[in-house]
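Engineer: predicted structure and sequence below. I'll ask about it afterward.
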Amino acid sequence: MGWIGEQIDSVKSLNFRQVLTQAINLGMIVTSALIIWKGLMCITGSESPVVVVLSGSMEPGFQRGDILFLHMSKDPIRAGEIVVFNIDGRDIPIVHRVIKVHERQETGEVNVLTKGDNNPGDDRPLYAQGQHWLQRHHIMGRAVGTHLSSPSFHLPDPLFLHVKNWYWYWMTAIVKGKWFFQWYILIGALGFLVITSKE
Amino acid sequence: MHSFGYRANALLTFSITILAVICGIASFSDNFNSPSPAAQVQVLNINWFQKKPDGDDEVSLTLNISANLESLFTWNTKQVFVFLAAEYETPKNSLNQVSLWDGIIPSKEHSKFWIHTTNKYRFVDQGSSLRGKDFNLTLHWHVMPKTGKMFADNIVMSGYSLPKAYR
């Protein structure tokens, strides 16, 4: 309780300049994060340079919650590559492997069929109504590498699941761009910390 | 300078940096591995070969696939995804790749295998160009490391062809 009292006193004693400085600092941090994100988009040539794996359809290779770095080069799409694609009308990116490729003579246009490693059947049921193939414009990027995946960390099980759930919860929120009340609490707490810190 | 917050922050930053460096070294160590995989595929039988109502050719094959992929595994290997694709050209398409069978090899113990199977995925053409078609059977493998860059390679086996008439 005494600590809160101290914090409130320090808030009251702040002058406008200090608050402004802190606000600008926070703005700089947020802007740098945005610059890094956009820079990654440029370097990787992909709209979405980082995605989170949302389902277990690529297990045991990719687990739910894994972060993937994508790269989209002009190279043709070939069977076996792991691609990330969006279905028209849905906002969730899907990370699956290409199992069939048909590339047209002359135009080089490509029809591609995908399937999750852990799924029994291919992705046609997931595609839009009447769609049998994916084209290049559906594909956002290729997965290029894996990070140390969560099952490799050996934390005690209940703690591990708790951490993993929270991590996954926040990651999907960031990826989907969802805005819910926990964000306001987080931003509020951040703002409070910014204002009350002395450096 | 010596508050809990400072120390926790320094510790966290340091450990994340060290972890990233270790992951980088682990990934780099994969370059020292020079794999020498071997594979062989026999088409034992053409089970049937028809033109579907929608106009596309489809064929069903029984295959005998044997491979030795032990040399692909390092201590940094999480799994190897292997698949066999029929690859051919048609007047319509400069390249067709149709995966006939795939499997996940979780460890070195399972990487020397012999399998007798019909094609897991349907061998369907875009159109009706499969009669008498010469095709390659390419065994592809995609190595997924525990940490680092995924890499892939393949062995092309040529000389296979489909019958000149439906059956």
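Structural biologist: Cool, got the structure.
Engineer: ok, the helix or strand of chain B with the lowest mean pLDDT: who's next to it in the sheet?
Structural biologist: Least confident helix or strand of chain B, by mean pLDDT, DSSP states H and E, is strand B:148-149 with a mean of 82. Strand pairing for strand B:148-149, determined by DSSP bridges: strand A:139-146 (antiparallel).
Engineer: buried sites along the host helix or strand of A:V98?
Structural biologist: According to DSSP states H and E, A:V98 maps onto strand A:94-104. Using 16 or more other C-beta atoms under 10 Å in any protein chain shown as the test for burial, strand A:94-104 gives A:I94, A:V95, A:H96, A:R97, A:V98, A:I99, A:K100, A:V101, A:H102, A:E103. (Glycine included, C-beta is placed from N, CA and C.)
Engineer: continuing past that strand, what's the next helix or strand?
Structural biologist: strand A:110-115.
Engineer: tell me the helices and strands packed up against that following strand.
Structural biologist: strand A:82-85, strand A:94-104 (3 or more C-beta pairs under 8 Å, 6 or more residues apart in numbering or on different chains; DSSP states H and E).
Engineer: quick one: contacts of the shortest one?
Structural biologist: Contact partners of strand A:82-85, identified using C-beta atoms under 8 Å, 6 or more residues apart in numbering or on different chains, comprise A:48, A:51, A:58, A:68, A:70, A:77, A:93-98, A:112, A:114, A:134, A:138-143, B:142, B:150.
Engineer: does chain B sit close to the biggest helix by length in chain A?
Structural biologist: Under DSSP state H, the helix in chain A containing the largest number of residues is helix A:16-44. No - judged by C-beta under 8 Å from any C-beta of the partner chain, helix A:16-44 stays clear of chain B, getting no closer than 13.7 Å.
Engineer: can you give me the helices in chain B?
Structural biologist: B:4-29.
Engineer: show me what from it comes close to chain A.
Structural biologist: B:19, B:23, B:27, B:78-79, B:81, B:83, B:85, B:91-99, B:102, B:104, B:106, B:121, B:126, B:140, B:142, B:144-150, B:152.
Engineer: thinking again about what came up before, which of the buried residues of strand A:94-104 sits closest to A:D9?
Structural biologist: Closest approach between the buried residues of strand A:94-104 and A:D9, by C-beta to C-beta: A:V95, at 51.2 Å.
Engineer: the closest residue in space to that closest one that isn't next to it in sequence bridge partners, please.
Structural biologist: Among residues not flanking A:V95 along the chain, A:V84 sits closest, at 5.0 Å (C-beta to C-beta, 6 or more residues apart in numbering or on different chains). Note on A:V84: beta-bridge partners A:V95, A:G141, judged by DSSP bridges.
Engineer: measure A:V84 to A:G56 for me?
Structural biologist: 16 Å (C-beta to C-beta, to the nearest Å).
Engineer: cool, B:D54 as well?
Structural biologist: 33 Å.
Engineer: of these two, who's got more company?
Structural biologist: A:G56 (13 against 7; other C-beta atoms under 10 Å in any protein chain shown).
Engineer: for that one, give me phi and psi.
Structural biologist: phi -90, psi 20 (degrees, to the nearest 10).
Engineer: in terms of helices and strands, where is the residue lying closest to it once chain neighbours are set aside?
Structural biologist: Distances taken as C-beta to C-beta, 6+ apart put A:R64 closest to A:G56, at 5.5 Å, once the chain neighbours are dropped. Following DSSP H and E, there is no helix or strand that holds A:R64.
Engineer: hang on, B:S27 packs against B:T147?
Structural biologist: Yes - between B:S27 and B:T147 a contact is recorded at 5.8 Å, counting by C-beta atoms under 8 Å.
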